[in-house]
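Student: Coordinates for the following, if possible.
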Amino acid sequence: MKLNRFQRAAIQSYSASDFGFLLGLEGKALERALKSCTDAFFLSIITELGDEEGCNTLDQAMNRCAAMMRDINAICDQIELGEPILPAATCNVSEKTFTASAFDH
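Tutor: Numbers count the residues shown, from 1 in each chain. As a prediction, the model looks like this:
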C-alpha cells in the first residue's frame, strides 16, 4: 500500500502532529499503522480518498470531500434538532456553527 496525493493532503491537514509519521511509511508498515489507528473518522477519510476506492482524480477527491462535508452537516443538523448525547456539544463544519445543550428542550 502507498498513499496517494489526496490521502497525503488529508494527513497533512487533518492532524499532522498525530498522523504525519504515516507520510514516511509504505507497504506493510503503512498497513500495520493504519490497522492500529483508533481514529475511525480519520480512517474513513483515508479510505474514501484511496486508490482502492477508485479515488484517483482531483475531481473525484473533491467530490468525495464535498460528500463527506454534506454528511457531517446533516449529522450536525440532526444533533441540533434531536436530543444531544452530551450536556454541551459544538460542531463547526464549513461556515456553520451549531451549539446544543442537553438542558435546552
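Student: Tell me where the chain has helices.
Tutor: Counting by DSSP state H, the chain has helices at residues 5-19, 27-35, 40-48, 58-81.
Student: what would those helices look like in JSON lines with mean pLDDT and mean neighbour count?
Tutor: All C-beta atoms are positioned from the backbone trio N, CA, C, and that covers glycine. Formatted as JSON lines, those follow (pLDDT from 0 to 100; neighbours: other Cβ atoms under 10 Å):
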{"stretch": "helix 5-19", "mean pLDDT": "93", "mean neighbour count": "15"}
{"stretch": "helix 27-35", "mean pLDDT": "96", "mean neighbour count": "12"}
{"stretch": "helix 40-48", "mean pLDDT": "96", "mean neighbour count": "15"}
{"stretch": "helix 58-81", "mean pLDDT": "93", "mean neighbour count": "13"}
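Student: Show the backbone phi and psi for residue 54.
Tutor: Main-chain torsions, residue 54, degrees, to the nearest 10: phi 80, psi 20.
Student: Correction: the previous question concerned residue 39.
Tutor: The phi/psi pair for residue 39 (degrees, to the nearest 10) is phi -90, psi 90.
Student: residue contacts, it?
Tutor: residue 18 (Cβ atoms under 8 Å, 6 or more residues apart in numbering).
Student: how close does it get to residue 62?
Tutor: 23 Å (Cβ to Cβ, to the nearest Å).
Student: What of residue 52?
Tutor: Applying Cβ to Cβ, the value for residue 52 to residue 62 is 18 Å.
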